[in-house]
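In: With the sequence up front, the predicted model follows.
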Amino acid sequence: MVRFPEAEARRFRNVFVCRRCKKKIRSNNLVILAGKIICKGCGCNKFRPVRKK
Ligand SMILES: [Zn+2]
């Protein structure tokens with residue numbers, strides 16, 4: 001098993017989870033921080049990175 005750090009970073013870095021309904025959304029990091037992304041499930045704009053461990 002060979003792991004690709006770049007692939008994993010790309011896989012997790014652009015994916016965010018809604019804090020309210022925990023819906024996964026793929027978007028750019030800067031766009032998320034700017035608050036321009038609105039969750040389709042609950043309509044809030046609070047997100048956290050998907051990797052929590
Ligand atoms: Zn939501």
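Out: Arrived safely. Every value quoted in this text rests on a predicted model; they were computed, and no experiment measured them.

In: Spatially central, which residue of the protein would that be?
Out: Compute the mean C-alpha point of the chain, and by CA atoms, centre = their mean the closest residue is F16, 1.2 Å away.

In: hang on, that residue in a strand?
Out: Yes: residue assignment for F16, taken from DSSP: H, G, I helix; E, B strand; the rest coil, places it within a strand.

In: tell me the contacts of it?
Out: Shown here is F16, whose contacts under the criterion CB atoms under 8 Å, 6 or more residues apart in numbering are 24-27, 32, 37, 47-50. C-beta coordinates here come from the backbone N, C-alpha and C atoms, glycine included.

In: Please repeat the previous calculation with a cut-off of 7 Å.
Out: Residues near F16 by CB atoms under 7 Å, 6 or more residues apart in numbering: 25, 27, 32, 47-50.

In: just how off-centre is stretch 37-48 within its chain?
Out: A distance of 10 Å separates the centroid of the chain from that of stretch 37-48, by CA atoms, centre = their mean, to the nearest Å.

In: Show me what counts as buried in it.
Out: Buried residues in stretch 37-48, defined by neighbour count with 16 or more other CB atoms under 10 Å: 37, 39, 47.

In: That stretch near the ion anywhere?
Out: Yes: in this structure, stretch 37-48 sits against the ion according to CB under 5 Å from the ion; the contacting residues are 39, 41-42.

In: Could you find the lowest-pLDDT member of those residues?
Out: Least confident of the residues of stretch 37-48 next to the ion in the model: G41, at 89.

In: so who does it touch?
Out: When contacts are counted by CB under 7 Å, 6+ apart, G41 touches 18, 21, 23.

In: now do V31
Out: With CB under 7 Å, 6+ apart as the criterion, the residues that contact V31 are I37.

In: Pretty sure I32 sits in a helix.
Out: Yes: checked against three-state DSSP, I32 lies within a helix.
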